[in-house]
Structure formats: structure tokens, C-alpha cells
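Engineer: Predicted model follows, preceded by the sequence.
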Amino acid sequence: MENRDEEFARARDAALAMLSRSPRSRREIEDRLGEKGFGCDSVKRAVALMIKCNYVNDAEYARDYVKSRIAAGNYGPYRVRAELRAKGIDAGQIEDALAQSSEDYDEAEAVRALLLRKRIDAGEIDRSERKRIEEMLGRRGFSFQAIKEALRVE
């Protein structure tokens, strides 16, 4: 039977290996270590060490995640908010990250750019196609107001 220090060392090494591949939230590390069969105490100690060494920083993770998802223009703030909640990020940290990114972000313009990339011309779609496009944009996390504004034909 393995002692607690040996299990902690293995959990620490597993956490470092995960973080070397890509940034992760505190909860993602906890969940993955638990799935690998590490004990609760070893998981908590390993995660605490990752936080102490600043290898895991949920606020920074949220900022980077928001920046990458919204900057790419494929997803809106509602979708990004839900994804971060699923990753265990605190609601306050999510809102701070979204607020920082919204300073130079025009959601309706992001919708227009996405439609352009998908070669969709708002002026040439019928009612049923319009509904399908609105639903697709809603699933991608764009607000109803931004969708309507982007699909408005002048």
C-alpha cells in the first residue's frame, strides 16, 4: 500500500503534466486527478501547491479564455460565461474577465463578421432561414439584441 506522501508526489506530477499541455482551472485539475484515482487529501494538497506556485490561477485563466474565445469571433459572451461556469470558475471572476474584454468588443459587429465568414447575406435570406440562423447564433452565445441588430437589413 502506497503512503500518503508517495500518492501526493504522483498527484503533483500528474497535475504538472496536465498543466504542461494546456492551462486548466482549479476544478478541472481536481476533477481529473480524482478520475485518475488519487485520494481527496492528495488532490487537495497537489492543487494547493499548484495555486501557491501560481501554476493555477482561475482569474487569469478566465481572462485568457474569454480573450481567446471572443477574439476569435466564433462565440458570444453568454456561451463563454456558461463554458467557464462548467469549468468551475467563480462567477465574479467570469464577470471581471468579460468586463475587461467588452471594453473594445462590439457584439453585433462580431455577429456580422461571423455571418460574413459563413457567407451569409442578411439581405438574401427568407423567414425560415433567418430563424435557423438566429437559433445558431443564439447557441453560440450571442445576445438576442446583437443578433437582431446584425441581421437588420438597411
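Structural biologist: Now that the structure is in, tell me what you want to look at.

Engineer: contacting residues for D121?
Structural biologist: Contacts for D121 (Cβ atoms under 8 Å, 6 or more residues apart in numbering) come out as L115. For the C-beta atoms, the positions are set from N, CA and C on the backbone; glycine is no exception.

Engineer: Quick check: the gap between it and M50.
Structural biologist: Per Cβ to Cβ, to the nearest Å, D121 is found 48 Å from M50.

Engineer: which other helices and strands contact the longest helix along the chain?
Structural biologist: Longest helix of the chain, by residue count under DSSP state H: helix 4-21. With contacts defined as 3 or more Cβ pairs under 8 Å, 6 or more residues apart in numbering; DSSP states H and E, the packing partners of helix 4-21 are helix 26-35, helix 40-52.

Engineer: could you say what helices and strands the first one packs with?
Structural biologist: Contact here means 3+ Cβ pairs under 8 Å, 6+ apart; on that basis helix 26-35 packs against helix 4-21, helix 40-52.
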